[in-house]
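Participant: generate a structure from the sequence data that follows.
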Amino acid sequence: MVKRLILGVIAMGFLFGCGIGLEDSVGPDADRALKNEKLREEYRAIEGTYSGQLKLSAVNKSLPVTFYLFLGEVQEAPLPGDLRPGIRVVLRGRMIQASTMGDSDNLILTGQFDGVTGALRLDPDPAMSTTASGCRLGGQDPISVTGHVNGENLTATVLRNGQNWGVINVRRVSRDSTTGATLSEEEEFRRLVQLYEPVIGTYRGQFKREMCSSERLEGFSAWLYIERVQEGSGVNGAPCYRPRLALRTFREFQGELADVKYFSLNRFDPETFLPQFQSSVSRVEMSFSESPARLRGVISTTGKWAEFDVVRESKFVEAPDDETLLLRERLERTYRPYIGLYRGKVDAYTGPDWPVHLNLYMDEGLEHGVRVPILRALYTRRDLSDPSIGSRLMDVAVVLDGCRPNLIMKSEGNNNGPIPGIGLMRYSAEHNNGVLTGELIDHRGPQGILTVKK
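Facilitator: You can find the predicted model right below:
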């Protein structure tokens, strides 16, 4: 009977072993699986979204932060005699500054948690700090977090560049950590739009320039908005896009820095605004104030170029569907004050003077393949029986960035022959209360001083 019992137990053991796969229930793989299951259990106990404060060590200041804890897996080398790589469960974290664009917002941390002591340690994991397409987002200054989890509370020291940066005190507000566990260009864009909401929009006002011992005021507008900027590439060369705060400024009239786009060089801080923007030709520093939303700033090139003061009129950037509309409107405003018939005469260098009509009018032309308004001038001598043989059609450029507006006129023809009406003509004159005065040059050379009045 004892023998039968022993044989029965052996048989049941054999059948049980065959049913669950005995080869998987012992050995290193099984040990690793059991360890991973224990880690999952410990990490899931603290997984979630935490909210609280980061108290900075260098200054007496606290920043609101959101801290995420979530599970991850890393691949390990195969065990001896095994061709399959192993998997190890790890704890991951991410800290986001809730009201500013933080220096470590998009850095994923990897580490461990001891469920017995509550000890937590997380270190930078650059390999995991990319989007699904292999792109890196902004704000990845390396930090390490060391602390303890006690129930729903997490207290930890944050090291930055090896120095004590601050202490976080956060409390779990949700067991869901999905938002923080995924780096997404779209999610980052939405987060920054919400973060920048107090300042983004369309602003209008004036800019002031110190010129020729006087102040010149001109209408000025600015758009402050978020734009996706291509920076580098990810998997298989796919482009990476990083959301950045952009500034676009417009003068009322055409001229130097009439339409410029800038990108922010600093992270956004609602208390200080940290306002510095850079373009290929100039930079802007400005301050922001509320009630009403207002921007005051300085535009610089090699030195101070102008100051501006604008007030927000809309929380939206109301860009036209057709970008050429902005250019058309600005050119029309620039040319309109000079349109009309001017009469006068040429004080000839040699020979008698002659009367002149100069008719300035707006026409249509092409600029970089786009139809835009252009200013033209029809010059006509009035002392000839057939004035058409003493006429020239000239293109006009208006330069407003001098002490007075300067109108520079030039005919399209380059023929230097002696036939009237065909050869080159140039005329450059300052506009002073409707009067133009400057030297007239044609295919024969300088002819005299042409003065005309509108």
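
Participant: who are the contact partners of residue 188?
Facilitator: Contact analysis of residue 188 by CB atoms under 8 Å, 6 or more residues apart in numbering lists 106, 137-138, 243. Where C-beta positions appear, they are placed from N, C-alpha and C, glycine not excepted.

Participant: again, only using 6 Å
Facilitator: Going by CB atoms under 6 Å, 6 or more residues apart in numbering, residue 188 touches 137, 243.

Participant: that one: which element?
Facilitator: Assigning secondary structure by DSSP states H and E places residue 188 in helix 185-196.

Participant: for that helix, buried residues please.
Facilitator: Neighbour counts over helix 185-196 (16 or more other CB atoms under 10 Å) mark 185, 188-189, 191-192, 195-196 as buried.

Participant: kindly report the same for stretch 243-258.
Facilitator: Within stretch 243-258, the residues scored as buried using 16+ other CB under 10 Å are 243-255, 257-258.

Participant: how about the CA coordinates for it, as PDB?
Facilitator: The C-alpha coordinates for stretch 243-258 follow below in PDB (Å, rounded to 0.1, in the frame of the first residue of the first chain):
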ATOM      1  CA  PRO A 243       7.500  73.500 -29.900                       C
ATOM      2  CA  ARG A 244       9.000  76.900 -29.200                       C
ATOM      3  CA  LEU A 245       7.600  80.300 -28.300                       C
ATOM      4  CA  ALA A 246       7.700  82.500 -31.400                       C
ATOM      5  CA  LEU A 247       7.500  86.300 -31.900                       C
ATOM      6  CA  ARG A 248       6.700  88.000 -35.200                       C
ATOM      7  CA  THR A 249       6.900  91.800 -35.500                       C
ATOM      8  CA  PHE A 250       5.500  94.100 -38.100                       C
ATOM      9  CA  ARG A 251       6.100  97.800 -38.900                       C
ATOM     10  CA  GLU A 252       3.300  99.900 -40.200                       C
ATOM     11  CA  PHE A 253       5.500 100.800 -43.300                       C
ATOM     12  CA  GLN A 254       7.900  99.000 -45.400                       C
ATOM     13  CA  GLY A 255      11.600  99.400 -44.400                       C
ATOM     14  CA  GLU A 256      14.300  97.900 -42.200                       C
ATOM     15  CA  LEU A 257      13.000  95.100 -40.000                       C
ATOM     16  CA  ALA A 258       9.500  95.500 -41.400                       C
END
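
Participant: what lies in contact with that stretch?
Facilitator: The contact list for stretch 243-258, computed with CB under 6 Å, 6+ apart, reads 188-189, 192, 218-219, 221-229, 259-264, 277, 282, 330-331, 333-334, 400-401.

Participant: what number of residues lie near residue 445?
Facilitator: A total of 8 residues lie near residue 445 under the criterion other CB atoms under 10 Å.

Participant: out of the buried residues of stretch 243-258, who's nearest residue 124?
Facilitator: Each of the buried residues of stretch 243-258 was scored against residue 124 by CB to CB, and residue 243 proved nearest at 22.1 Å.

Participant: which strand residues bridge that closest one?
Facilitator: residue 228 (DSSP bridges).

Participant: and what of residue 88?
Facilitator: Assessed by DSSP bridges, residue 88 has beta-bridge partners residue 74.

Participant: check which helices and strands the strand or helix carrying residue 205 sits against.
Facilitator: Assigned by DSSP H and E, residue 205 falls within strand 201-211. On a contact count with 3 or more CB pairs under 6 Å, 6 or more residues apart in numbering; DSSP states H and E, strand 201-211 meets strand 214-233, strand 304-314.

Participant: can you get me a residue count around residue 145?
Facilitator: Residue 145: 21 neighbours (other CB under 10 Å).

Participant: what of residue 54?
Facilitator: Residues near residue 54, counting by other CB under 10 Å, number 23.

Participant: from the contacts of stretch 243-258, which would you call buried?
Facilitator: Neighbour-count burial (16+ other CB under 10 Å) applied to those gives 188-189, 192, 221-228, 260, 262, 264, 277, 282, 330-331, 334, 400-401.

Participant: in this structure, where is pLDDT below threshold?
Facilitator: Residue ranges of the chain with pLDDT under 70: 1-29, 79-84, 388, 412-422.

Participant: show me where the stretch 251-400 of the chain has helices.
Facilitator: Using DSSP state H, counting those that start in this stretch, the helices of the stretch 251-400 of the chain run over 324-335.

Participant: I meant the stretch 1-150 of the chain, not that one.
Facilitator: Using DSSP H, counting those that start in this stretch, the helices of the stretch 1-150 of the chain run over residues 2-20, 28-44.

Participant: circling back to that earlier point, starting at the chain centroid, how far to the helix holding residue 188?
Facilitator: What separates the centre of helix 185-196 from the centre of its chain is 12 Å, taken as CA atoms, centre = their mean, to the nearest Å.

Participant: CA atoms only: put it into CSV for me.
Facilitator: The C-alpha coordinates for helix 185-196 follow below in CSV (Å, rounded to 0.1, in the frame of the first residue of the first chain):
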residue,chain,number,x,y,z
GLU,A,185,5.4,66.3,-29.6
GLU,A,186,1.6,66.8,-29.8
GLU,A,187,1.2,66.6,-26.0
GLU,A,188,4.1,69.0,-25.4
PHE,A,189,2.6,71.4,-27.9
ARG,A,190,-0.7,71.4,-26.1
ARG,A,191,1.0,71.8,-22.7
LEU,A,192,3.0,74.8,-23.9
VAL,A,193,-0.1,76.4,-25.4
GLN,A,194,-1.8,76.2,-22.0
LEU,A,195,1.3,77.4,-20.2
TYR,A,196,1.8,80.4,-22.5
